[in-house]
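[1] Just a sequence and a predicted model for now, questions to come.
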Amino acid sequence: MLNAAVRSILLSHEPLGLDSYIAICRNGGLDMGLGPDGAREHGGGRVFWLTRVVGRVWAAIDLYREALERFKVAGPWECTVSLLKTLRGCLSNFGEGWAEYPDPRANLQACREKNLFWRRELYEWPGRDAARELVFSFGAWIEDSWGMRERHFLARTGPRAGQFDGSRYQ
């Protein structure tokens, strides 16, 4: 029985062929997997694509807002994101002007947690401005988990300095 409308990229890495997907479930929920678009194995740990992950979560929140408006799904909601196999992992795919992995200045410390789980309860689904704040808090949480205090998903230099660097989001 089909329980969700799914759009996916079929790759051979997973037994079911669903590495990267987004699904709107019959229960009103949204589920998304990034597969290699979110991270890849490298040198005994994983490298996580920060700007891409933050951008995909932002796109999913916006897509879900459109679905809520169209199908009148009632709240409250729970927004959760998990990053798996983060222990000794590194971050990369930063905004313009930041050192990139494998440059040792890019990650002063590896992640010390085995997995990461972020959860927010939402009594109202965020509009466009509130979605930006929610997503930036998510990006900050990722960077905090790596001991970073500056926001590398924001451009450091160039015309987008201080803004989400969409040029790095694919």
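    Received the coordinates, thanks.
[2] can we go C-alpha only for contacts and neighbour counts from here?
    Will do.
[3] residues in contact with stretch 95-115?
    With C-alpha atoms under 8 Å, 6 or more residues apart in numbering as the test, stretch 95-115 has contacts from 51, 82-94, 145-148, 152-158, 161, 164-165, 168.
[4] In three-state terms, label the residue nearest to the spatial centre of the chain for me.
    The residue lying closest to the centre of the chain (C-alpha atoms, centre = their mean) is residue 53, at 3.0 Å. The local conformation at residue 53, judged by DSSP: H, G, I helix; E, B strand; the rest coil, is helix.
[5] Now the residue nearest to residue 53 when sequence neighbours are not counted: phi and psi?
    Distances taken as C-alpha to C-alpha, 6 or more residues apart in numbering place residue 38 nearest to residue 53, at 5.6 Å, with adjacent residues excluded. With angles defined as degrees, to the nearest 10, residue 38 sits at phi -100, psi -30.
[6] gap between the closest residue to residue 44 other than its chain neighbours and residue 161?
    Excluding the flanking residues, the one nearest residue 44 by C-alpha to C-alpha, 6+ apart is residue 88, at 7.9 Å. Residue 88 sits at a distance of 29 Å from residue 161 (criterion: C-alpha to C-alpha, to the nearest Å).
[7] The two - which one has more neighbours?
    Taking neighbours as other C-alpha atoms under 10 Å, residue 88 and residue 161 compare with residue 88 leading, 17 against 14.
[8] would you list every one of the helices in the chain?
    Secondary structure of the chain (DSSP state H): helices at 50-71, 128-145.
[9] what packs against the last one?
    This points to helix 128-145. helix 50-71 (3 or more C-alpha pairs under 8 Å, 6 or more residues apart in numbering; DSSP states H and E).
[10] ok and the helix it packs on relative to helix 128-145, angle-wise?
    If you take axes from the mean of the first three to the mean of the last three C-alpha atoms, to 10 degrees, helix 50-71 sits at 150 degrees to helix 128-145.
[11] other SSEs contacting helix 50-71?
    Counting by 3+ C-alpha pairs under 8 Å, 6+ apart, helix 50-71 packs on helix 128-145.
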